[in-house]
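coords below, sequence missing:
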Ligand code: CA
């Protein structure tokens with residue numbers, strides 16, 4: 001019990017320190033961290049733990065709806081709703097922001113940054129946005145096209161806007177900005193397409209750039225921006241800068257105000273294959289790393305690379321969190337992360353020392369992490385330059401962006417994990433860098449092309465692995481094992497939130513919103529919202545009542561590449577807010593009925609179909625789904641109106657639907673290639689009709 005108390009006190013000390021330190025600089029923090037939800041992960045430590053306990057394990061069954069807000073969006077909702085001064089702020093796809101009255105759900109203002117929809121293809125994993133930052137009367141949003149925009153929190157009017165990226169390159173912003181030490185910090189995405197990643201801090205009041213941390217070095221011939229880049233360049237080989245090197249930090253950035261350190265999780269290599277990126281050699285710093293930066297300068301204080309010489313899209317951008325743990329009788333200030341690569345890391349957050357790293361999912365690329373060197377112990381099949389290798393986790397990771405939470409009362413991390421993801425990795429022998437398209441250097445997307453290859457080309461010991469499932473893990477970071485877990489038959493479910501009411505909340509891919517007992521995992525409350533949830537909930541107090549908000553909106557990479565576990569098609573996303581003794585007559589959201597199909601003649605010749613299938617996998621599948629089966633958010637091409645196929649060339653090669661987000665692929669596809677894709681889609685349509 002004493003240990004528990006120490007942990008609780010340590011945790012509260014962190015919050016108190018955060019408030020005290022920031023009070024001199026931040027009105028945000030003065031408003032109080034505890035009973036509002038003022039930043040993406042609730043507070044600087046981003047444990048997503050609320051000390052509120054009005055809603056608790058004895059009364060959670062009395063939860064009902066306080067109000068809902070329809071978002072007018074049919075794509076993925078990933079934002080955590082923030083609440084300050086009686087207003088809830090959140091974002092929806094295409095980076096638009098809305099503010100609603102926290103008492104009623106009534107819209108106060110709406111802000112659409114008018115992102116040019118023809119750039120939607122730059123977003124690997126849907127045109128999502130994970131939310132806003134609040135500070136000093138302003139609301140900050142990162143727009144998909146690379147702008148960072150400050151709005152007036154009262155009116156939604158633009159105060160300032162800066163372009164944070166070279167917009168001629170395939171950079172995107174989907175992450176929530178964070179404000180720390182009077183600076184608003186934002187990263188970017190785009191490593192799949194070929195860019196050089198970085199994080200930039202701007203003066204929160206003026207938008208003036210304070211510093212930039214480049215994750216990977218540029219062309220040495222141009223000179224290095226700082227000694228960190230000169231050092232990093234010693235770990236790279238070949239002409240990596242031509243594609244960009246990658247490392248984009250598109251999600252996690254947290255802050256320890258006492259240490260004055262900014263912690264950034266960095267992304268995967270670009271292209272994925274180290275063989276193609278760096279002549280098959282080198283650690284390639286600072287890819288796939290947790291990097292601590294000086295908040296004043298953006299210079300590296302320490303780094304820990306979770307995946308040296310990344311070959312597998314193993315980003316370390318996944319959510320970071322700070323707490324204190326008693327390890328071997330010693331209280332340590334720690335930073336924790338469950339990155340894509342399948343190991344759960346606990347590091348000393350002041351020094352970067354590795355304290356533990358144990359697998360939380362199926363891992364076949366490494367047998368463990370050496371405590372002596374801090375490096376992973378790779379398996380013989382991990383590096384796939386000479387063969388095809390089925391490796392777990394796959395590029396989706398054992399954990400993706402879905403926020404985890406930590407309760408100092410139970411000592412458990414509530415981790416939305418994926419169990420058993422895998423991918424057939426191989427170096428694309430025909431790879432060449434093509435601007436404007438995916439540049440992974442592997443056949444990602446065209447999995448059909450790979451599975452047609454003979455089994456003897458696979459590395460020994462690799463092959464089919466069980467289908468992907470996911471699990472909510474109540475991970476004990478001291479025991480390095482789950483104390484309890486909830487298995488889901490679907491892909492990843494939503495982010496989590498823990499409260500002092502002994503509760504953990506999570507939305508699921510099949511459309512439920514659930515409360516579990518934080519200590520033993522007993523399911524205490526479960527409502528069917530009718531639409532898959534990927535975002536994390538938040539909780540806040542107003543007029544003496546505790547509320548819980550969550551955005552429900554199916555989408556993101558799970559929907560683009562996968563399916564929709566609710567079986568529904570195009571369901572409007574909704575912001576739900578719950579309160580004790582609210583309306584318990586909850587009606588699940590309904591989708592649009594799929595149209596009746598009529599036959600459209602097509603060319604079934606195997607050569608045409610095979611060519612069309614390959615081209616579809618390369619150019620179309622990342623949005624319209626594997627084998628043309630939509631995951632429920634973007635139009636299902638198999639169900640297109642017959643007349644659509646008459647103007648197929650106009651749509652695909654002349655940009656007829658760019659206003660809807662369909663890019664003009666005229667520069668990438670010949671007329672004959674576009675036609676092969678059309679014949680393939682029509683064959684998939686015919687397959688649906690046969691099954692009916
Ligand atoms: Ca990636």
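Ah, there it is. Please read all numbers here as calculations on a predicted model, not as lab measurements. Numbers count the residues shown, from 1 in each chain.

Now for residue 78, how many residues are close by?
Other residues within reach of residue 78, judged by other CB atoms under 10 Å, total 31. Placement of C-beta: from N, CA and C, glycine included.

same check, this time on residue 372
6.

same question, residue 373
Neighbours of residue 373 (other CB under 10 Å): 9.

and residue 296, what does it touch?
Residues near residue 296 by CB atoms under 8 Å, 6 or more residues apart in numbering: 181, 260.

dump the residue contacts of the residue of the stretch 551-692 of the chain found nearest the ion.
For the stretch 551-692 of the chain and the ion, the shortest gap (CB to the ion) falls at residue 557, measuring 9.5 Å. Shown in contact with residue 557 (CB under 8 Å, 6+ apart): 124-126, 396, 400.

right, and the secondary structure at the residue of the stretch 401-550 of the chain at minimum distance from the ion would be what?
Per CB to the ion, residue 440 is where the stretch 401-550 of the chain lies closest to the ion, at 8.5 Å. Under DSSP: H, G, I helix; E, B strand; the rest coil, the three-state class of residue 440 is coil.

Pull up the residues of the stretch 51-200 of the chain that are close to the ion.
Proximity of the stretch 51-200 of the chain to the ion, by CB under 5 Å from the ion, involves no residues.

where along this structure do the helices fall?
Assigned helices in the chain, in chain order: 2-23, 27-30, 227-233, 274-278, 447-451, 557-561, 606-619, 621-624, 642-646, 648-654, 671-691 (criterion: DSSP state H).

Would you single out the least confident of these?
Mean pLDDT is lowest for helix 2-23 among those, at a mean of 37.

Any idea how far stretch 126-139 is from the middle of the chain?
Offset of stretch 126-139 from its chain centre (CA atoms, centre = their mean, to the nearest Å): 15 Å.

Same question for stretch 542-554.
Centre-to-centre, stretch 542-554 and its host chain are 21 Å apart (CA atoms, centre = their mean).

what comes up buried for it?
Within stretch 542-554, the residues that qualify as buried are 542, 546-554, counting by 16 or more other CB atoms under 10 Å.

cool, and stretch 360-372?
Neighbour counts over stretch 360-372 (16+ other CB under 10 Å) mark 360-366, 369 as buried.

ok, and what's touching it?
312, 338, 341-344, 354, 357-359, 375-379, 381-382, 390-393, 398-399, 415, 417-422, 462, 465, 473, 475, 482.

Next, the distance between the ends of it.
Length of stretch 360-372, first residue to last, CA to CA, to the nearest Å: 21 Å.

Among the buried residues of stretch 542-554, which are located in strands?
542, 546-552 (DSSP state E).

can you redo the residues you listed as CSV with distance to residue 331 and pLDDT?
Putting these into CSV (distance: CB to CB, whole Å; pLDDT from 0 to 100) gives the following:
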residue, distance to residue 331, pLDDT
542, 35, 96
546, 31, 98
547, 34, 98
548, 32, 98
549, 34, 98
550, 34, 98
551, 36, 98
552, 39, 97
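
Of these, just say which sits nearest to residue 145.
Checking these against residue 145 with CB to CB, the nearest one is residue 551 at 22.0 Å.

can you count the residues close to residue 382?
Residues lying near residue 382 (other CB under 10 Å) number 18.

quick one: low-confidence parts of the chain?
1-33, 444-468 (pLDDT under 70).

Spell out which parts of it neighbour the ion.
Residues of the chain lying near the ion (CB under 5 Å from the ion): 268, 313.

mind giving me the domain split of the chain?
Per automatic domain parsing, the domain ranges recorded for the chain read 2-471+484-495+513-580, 606-691.

Just name the most buried of those domains.
Stretch with highest mean neighbour count among those: domain 2-471+484-495+513-580 (a mean of 21; mean count of other CB atoms under 10 Å).

chain center to that one: distance?
5 Å.

Residue 629 is in contact with residue 620, correct?
No: Residue 620 lies out of contact with residue 629 (CB atoms under 8 Å); the separation is 11.6 Å.

picking up where we left off before, okay, and which of the contacts of stretch 360-372 map to strands?
Using DSSP E, these in strands are 343-344, 354, 357-359, 376-378, 390-391, 415, 417-419, 473, 475, 482.

circling back: what is the most widely separated pair among the contacts of residue 557?
126 and 396 (13.3 Å).

Would you format the domains of the chain as a markdown table with distance to residue 503 included?
Converted to a markdown table, the domains of the chain look like this (distance: least, CB to CB, whole Å):
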| stretch | distance to residue 503 |
| --- | --- |
| domain 2-471+484-495+513-580 | 5 |
| domain 606-691 | 29 |
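
and the residue of the stretch 1-150 of the chain nearest the ion?
residue 124 (6.6 Å).

which residues sit in contact with the closest residue to the ion within the stretch 351-500 of the chain?
In the stretch 351-500 of the chain, the residue that lies nearest the ion is residue 395 (6.6 Å; CB to the ion). Applying CB under 8 Å, 6+ apart to residue 395 gives the contacts 272, 312-313, 340, 423, 444.

go on, residue 60?
501, 503, 515, 524-525.

Okay, and which of those residues map to strands?
Residues of the contacts of residue 60 located in strands (DSSP E): 503, 515, 524-525.

could you dump these to CSV with distance to residue 216?
Shown next, in CSV, are the ones in strands among the contacts of residue 60 (distance: CB to CB, whole Å):
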residue, distance to residue 216
503, 41
515, 42
524, 46
525, 45
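
Next, work out how far apart the most centrally placed residue in the chain and residue 130 are.
Residue closest to the average C-alpha location in the chain (CA atoms, centre = their mean): residue 401, at 3.0 Å. According to CB to CB, to the nearest Å, residue 401 stands 7 Å off from residue 130.
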